[in-house]
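Undergrad: Got a predicted structure plus its sequence, pasted below:
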Amino acid sequence: MRNFREFNKWLSLIVISMSIFLCVLDLFIVNIAIPSIKNSIDASTAETQFIIVFYIIGYGAFLITGSKIGNKYGHKKTFIVSMFSFMLFSFFCGSSTSATALNVSRLFQGISAAFMVPQGVALISNVFTIEEERVKALGIYGAIAGIASVIGQVLGGVIPDLHLGFDAWRLVFFINIPIAILVIILANKYLKEVEIKGKESIQIFPQMILIILLIVLMYAIVIGGEEGWRTNNILLLLLSLTGLILFILNQKRKFKKGKEVLINMKPFLYPSFKIALLAAVTYYLVQDSYFFINANFFEEHHHLSSTKTGLLFACQGIGYVLASLLSVRFLNKYQEKFIVFGLLIMILGLAAHIYIINTSIINLPIICVVLFFYGIGCGIVLPSMFTNAMRKLPVSITSLATGVYLTIQQISIGFGVSLVGRIYFNLDNGYFMATCVMIFLLLITISIFLISDFRLKRNSL
């Protein structure tokens, strides 16, 4: 009987983890498949950027609301409904015959992920009540996200090259459907609902304002780079930026008055969180823009097949997974110095990209080594950034801080794809300039940690 209960617990963990697996998979699998999708539906450069950006906007802007919905209506119920929604919009993505239809579907697919993923931690805590088991379960949950990134990179390369009776890239989205159906069946049977302890206030109007402002801002950035910075594009950019600033100030003012807000400001009362969040912004501007421009460069400039590109990025993924397994132990010992070490590895890796990849003739084995080396840096930094942001906060506000952190993370990723992508596509030596910009952003990230450490030491004297 005990063995059966243990089996149910670990089966429940696998089912729960499929939310983060599908969410991460659909980001990385599309990154690599973008060139094939672009050629198939005759999309413009701006429209291909939106395929990534709209997914990230939908996911990032609704994470906080997704968490509140689970608290109000039940985490199991929200998990199942949002999984079904994710599956439905995956079907719409794969069935799209135009860039507009695909981008709208990607936006709602991202929103579905935002309601699906936040339920994971609450459901895991409900299944694994013993702290030691819960820590292990959360570690497996995080590892599955890392594995999804590697699988996504490989499948995103291999699938578009399949010879089928239809455009093979559509399987990039259709692959979600059988997985989601199986997860819904198992979740309904094996997962137990978490007791609802309090009613959350859902901020519908502020949520709508935030998503509209983000869409308009991203649209202005991408279209401005595509069409040129005309007066109307500049005006749209300034209006959306002003709107975002006013929105945040309004949220801050309401929070001080004790009113309900969409973005809870409690975590910002802690200097360590503010520093970690500022560093995260500059880091995540690089994170996914790297995959976007390199996948395009391999396929469009070096004329590598989609399959070869995917397998090359698998080398990066292997380095990431290996380094991430060791990151927590070394972070506890060396703290921010360990993150700076990882950032330096990434910078050296990007410098190697300029000399090894930005050439007329490439050596694939050497590129594999360079990507693996860069992946080690990512594996050190990416898991450590989140842990570093949370570790000095009181347990009572870590849930709030997680929602804020992940929201800023996803918005920064969207900005990175838009801004770095514009540099890559618009300049004659775009790959070189875009890579230099990424190196510069990582240097700023290092500077934030070094300045913070200097101030901390000065204040302790």
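TA: Cool, the structure landed.

Undergrad: mind checking the longest helix of the chain?
TA: Longest helix in the chain, counting residues (DSSP state H): helix 2-41.

Undergrad: buried sites along it?
TA: Residues of helix 2-41 classed as buried by neighbour count (16 or more other Cβ atoms under 10 Å): 9, 12-13, 15-38, 40-41. From N, CA and C alone the C-beta is placed, and that goes for glycine too.

Undergrad: Give the rounded mean pLDDT of that helix.
TA: In this model, helix 2-41 carries a mean pLDDT of 81.

Undergrad: next structured bit after it?
TA: Proceeding N to C from helix 2-41, the next assigned helix or strand is helix 45-73, under DSSP states H and E.

Undergrad: how far off helix 2-41 does that following helix point, in degrees?
TA: Here helix 45-73 runs at an angle of 150 degrees relative to helix 2-41 (axes from the mean of the first three to the mean of the last three Cα atoms, to 10 degrees).

Undergrad: quick one: helix 45-73 to chain centroid distance?
TA: 10 Å (Cα atoms, centre = their mean, to the nearest Å).

Undergrad: which element follows that helix toward the C-terminus?
TA: helix 75-95.

Undergrad: For the spatially most central residue of the chain, give me its contacts.
TA: Centroid check for the chain by Cα atoms, centre = their mean gives Q410 as the closest residue, at 5.3 Å. When the contact criterion is Cβ atoms under 8 Å, 6 or more residues apart in numbering, the partners of Q410 are I56, I57, Y59, G60, A61, L63.

Undergrad: now do L11
TA: Contacts of L11 by Cβ under 8 Å, 6+ apart are L186, Y190.

Undergrad: what do you get for T282?
TA: S412, L441, L442, I444, T445, I448.

Undergrad: on that earlier part again, so which of the contacts of Q410 comes closest to P394?
TA: Ranked by distance to P394 (Cβ to Cβ), the contacts of Q410 are led by L63 at 20.9 Å.

Undergrad: right, and the closest one touches V117 too?
TA: Yes: using Cβ atoms under 8 Å, L63 is in contact with V117, at 7.4 Å.

Undergrad: higher neighbour count, those two?
TA: L63 (26 against 23; other Cβ atoms under 10 Å).

Undergrad: So that one versus N429, what's the distance?
TA: For L63, the distance to N429 (Cβ to Cβ, to the nearest Å) stands at 37 Å.

Undergrad: go on, T97?
TA: As defined by Cβ to Cβ, T97 lies at a distance of 35 Å from N429.

Undergrad: I140 too?
TA: Using Cβ to Cβ, one gets 44 Å for the distance from I140 to N429.

Undergrad: And these two? Which one has more around it.
TA: The neighbour count for I140 versus N429, taken as other Cβ under 10 Å, is higher for I140 (13 against 10).

Undergrad: How about the contacts made by the closest residue to I111 other than its chain neighbours?
TA: Using Cβ to Cβ, 6 or more residues apart in numbering and skipping the chain neighbours, the partner closest in space to I111 is G58 (4.0 Å). By Cβ under 8 Å, 6+ apart, the contact set of G58 is R106, L107, F108, Q109, G110, I111, S112, A113, A114, I211.
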